[in-house]
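Novice: Below are the sequence and a predicted model; questions follow.
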Amino acid sequence: MTTIEETAGRDDELRPGRGAGWPAVGALAAATFTVVTSEMLPVGLLTPIGGALGVTDGTAGLTLTVAGVVAALGAPLLTLAVGRADRRAVLCGLMAMLTVANLLAAWAPGFGVMLAARVLVGLGMGGVWALAAGLAVRLVAARSVAAATSLIFSGVAAASVLGVPTGTLTGQLGGWRAAFVVVGLVSALVTVALAALLPPLPAAGAVRLGGVLRLFRDARVRTGLIVVALLVGGHFAAYTYVRPVLEEVSGVGSGVISTLLLVYGVAGVVGNFVGGVGAARSPRGTLVVISAVLAGAVLLVPVLGVGVPGAAALLAVWGLAYGGVSVSTQTWLMVVAPEAREAASALFVAVFNAAIALGAFGGGRVVDGWGFIAVLWTGGALAVGALVAVGVGRGPGRVRG
């Protein structure tokens with residue numbers, strides 16, 4: 001069995017003292033929140049974006065697909081390209097690019113410009129997430145690494161679940177372009193925070209392509225990545241279209257949607273920390289529970305999610321389950337590949353975002369072809385597949401500490 005502390009202890013010599021600690025971890029959590037919010041922002045705004053730019057809801061979903069594809073490709077490529085560059089400088093540069101991307105999206109006069117802005121979002125998102133994911137062991141004491149990792153990934157979870165309702169509410173109050181402006185300004189503030197709070201972070205060693213490819217030889221890594229692909233792909237096949245699903249399947253009025261998504265968001269933040277605690281002890285057991293609950297919540301929406309009370313209850317369960325996905329799957333990979341954190345994180349982010357892109361794209365095709373109930377069945381079936389993969393695939397044992 002492996003302990004989180006033992007894994008962290010291998011990097012003690014790389015952990016700088018000045019400016020490190022929990023403020024730096026908080027800045028990284030803010031960065032992951034901002035990049036994932038930028039990626040997820042169109043989810044709650046698909047209808048007004050499509051209407052303003054003259055495309056269907058399914059086509060408007062490409063704003064999510066493009067960002068996900070670019071992030072999937074960009075995460076490993078940027079990790080290889082930055083070599084031994086100081087991670088603080090790289091992170092600040094990527095956040096500055098994200099600022100420009102969001103402001104460009106806010107200005108976009110047509111769908112082509114919007115897609116160009118989303119390409120930049122994908123690059124920034126993939127790079128920031130891949131680099132930030134493995135830095136907790138260099139910022140806090142070994143005994144606190146599990147908690148610091150959960151905090152960094154709370155940004156991912158909070159953005160996945162709170163970014164959408166916040167963007168939806170901002171869009172309702174000031175229009176969808178205002179939502180992109182607000183996220184652009186937040187990106188600029190986070191850039192300043194990273195520059196002020198992060199210590200110098202020289203690379204532990206340049207990531208090599210051969211090292212990334214060698215990780216695939218480990219069956220435990222492959223299983224973890226398969227679980228990521230199925231859970232995230234299934235979630236986004238359904239959740240990308242949650243607004244029209246709530247309107248058409250649950251019969252919920254548009255004025256209540258932002259409140260329902262906020263319920264989902266709060267549950268998701270709770271799920272991140274619950275999942276983090278569980279995964280620090282047993283990544284496999286935690287992901288069994290997450291996969292089963294997520295599948296049940298999505299599949300039951302057409303049956304029990306009719307009306308505001310039913311929709312709110314199932315969205316809360318859905319958010320609680322999905323909120324633990326990122327921290328649990330990242331913990332799985334950190335435990336099975338402790339000597340290759342950045343390479344494993346790059347693969348994780350690549351698969352995670354490819355799954356977002358394919359899930360959103362596939363969900364759009366299902367919606368356009370068979371309707372909203374079919375897309376819920378699709379998402380639920382993929383979560384069931386993840387449950388099977390966790391159960392039969394090779395994975396880490398129970399983690400001490």
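Specialist: Arrived safely.
Novice: Quick one: the strands in the stretch 251-400 of the chain, in order.
Specialist: Using DSSP state E, counting those that start in this stretch, no strands are found in the stretch 251-400 of the chain.
Novice: Sketch out the low-pLDDT regions of the stretch 101-250 of the chain for me.
Specialist: Scanning the stretch 101-250 of the chain for pLDDT under 70 picks out the ranges 157, 160-162, 164-165, 203-213.
Novice: how about the helices of it, start to end?
Specialist: Using DSSP state H, counting those that start in this stretch, the helices of the stretch 101-250 of the chain run over 111-132, 145-158, 164-174, 176-197, 209-214, 219-239, 242-248.
Novice: Helix 176-197 and the second one, what's the angle between them?
Specialist: Here helix 145-158 runs at an angle of 160 degrees relative to helix 176-197 (axes from the mean of the first three to the mean of the last three C-alpha atoms, to 10 degrees).
Novice: Give me the contact list for helix 145-158.
Specialist: 4-5, 7-8, 22, 25-26, 28-34, 36, 129, 132-133, 135-137, 139-140, 265, 268-269, 271-273, 276-277, 280, 323-324, 326-327, 330-331, 334, 401 (C-beta atoms under 8 Å, 6 or more residues apart in numbering). Using the backbone N, CA and C atoms, a C-beta is placed for each residue, glycine as well.
Novice: buried stuff in the host helix or strand of A52?
Specialist: Here A52 sits within helix 46-53, counting by DSSP states H and E. Within helix 46-53, the residues that count as buried by 16 or more other C-beta atoms under 10 Å are L46, T47, P48, I49, G50, A52, L53.
Novice: Check stretch 68-86 too.
Specialist: Buried-residue list, stretch 68-86, by 16+ other C-beta under 10 Å: 68-80, 82.
Novice: so how far is T56 from the residue most central in space within the chain?
Specialist: For the chain, the residue nearest the mean C-alpha position is V156 (4.8 Å; C-alpha atoms, centre = their mean). In this view, V156 and T56 are 29 Å apart by C-beta to C-beta, to the nearest Å.
Novice: chain center to stretch 75-89, what's the gap?
Specialist: 20 Å (C-alpha atoms, centre = their mean, to the nearest Å).
Novice: What is the end-to-end distance of it?
Specialist: One end of stretch 75-89 to the other measures 16 Å (C-alpha to C-alpha, to the nearest Å).
Novice: sorry, back to before: for the helix holding A52, packing partners?
Specialist: helix 57-60, helix 111-132, helix 176-197, helix 242-248 (3 or more C-beta pairs under 8 Å, 6 or more residues apart in numbering; DSSP states H and E).
Novice: what about the last one, distance to the chain center?
Specialist: In this view, helix 242-248 has its centroid 22 Å away from the chain centroid, taken as C-alpha atoms, centre = their mean.
Novice: Just name whatever secondary elements that helix is in contact with.
Specialist: helix 46-53, helix 254-281, helix 372-392.
Novice: So which of these is nearest T223?
Specialist: Nearest of these to T223, taken as C-beta to C-beta: helix 372-392 at 6.3 Å.
Novice: List the buried residues for the closest one?
Specialist: Under 16+ other C-beta under 10 Å, the buried positions of helix 372-392 are 372-373, 375-380, 382-387, 389-390.
Novice: Dump stretch 376-396 to CSV, restricted to CA.
Specialist: Below are the C-alpha coordinates for stretch 376-396, written out as CSV (Å, rounded to 0.1, in the frame of the first residue of the first chain):
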residue,chain,number,x,y,z
LEU,A,376,-30.0,11.4,-20.7
TRP,A,377,-30.0,7.7,-21.5
THR,A,378,-26.7,8.1,-23.3
GLY,A,379,-25.1,9.8,-20.3
GLY,A,380,-26.4,7.3,-17.8
ALA,A,381,-25.2,4.4,-19.9
LEU,A,382,-21.7,5.8,-20.1
ALA,A,383,-21.7,6.2,-16.3
VAL,A,384,-22.7,2.5,-16.0
GLY,A,385,-19.7,1.7,-18.2
ALA,A,386,-17.5,3.5,-15.8
LEU,A,387,-18.9,1.5,-12.9
VAL,A,388,-18.0,-1.7,-14.8
ALA,A,389,-14.5,-0.4,-15.6
VAL,A,390,-13.8,0.5,-11.9
GLY,A,391,-15.0,-2.9,-10.8
VAL,A,392,-13.1,-5.1,-13.2
GLY,A,393,-10.0,-3.0,-14.1
ARG,A,394,-6.7,-2.9,-12.3
GLY,A,395,-6.3,0.0,-9.8
PRO,A,396,-4.7,1.2,-6.7
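Novice: quick revisit: let's have the helices and strands packed on helix 242-248 in TSV, adding distance to L197 and mean pLDDT.
Specialist: Formatted as TSV, the helices and strands packed on helix 242-248 follow (distance: least, C-beta to C-beta, whole Å; pLDDT from 0 to 100):
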stretch	distance to L197	mean pLDDT
helix 46-53	34	82
helix 254-281	22	82
helix 372-392	36	90
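Novice: Can you lay out the ones you listed as JSON lines showing distance to V317?
Specialist: Output for these, formatted as JSON lines (distance: least, C-beta to C-beta, whole Å):
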{"stretch": "helix 46-53", "distance to V317": "23"}
{"stretch": "helix 254-281", "distance to V317": "7"}
{"stretch": "helix 372-392", "distance to V317": "12"}
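Novice: Can you list the helices and strands that the host helix or strand of A89 packs against?
Specialist: Following DSSP H and E, one finds A89 within helix 87-107. Where contact means 3+ C-beta pairs under 8 Å, 6+ apart, helix 87-107 is packed against helix 22-40, helix 111-132, helix 176-197.
Novice: Which one, of those, ends up nearest to A360?
Specialist: Ranked by C-beta to C-beta, the member of the helices and strands packed on helix 87-107 that lies closest to A360 is helix 22-40, at 10.2 Å.
Novice: Output the contacting helices and strands for the closest one.
Specialist: Applying 3+ C-beta pairs under 8 Å, 6+ apart, we find helix 22-40 packed against helix 62-81, helix 87-107, helix 111-132, helix 145-158, helix 164-174, helix 176-197.
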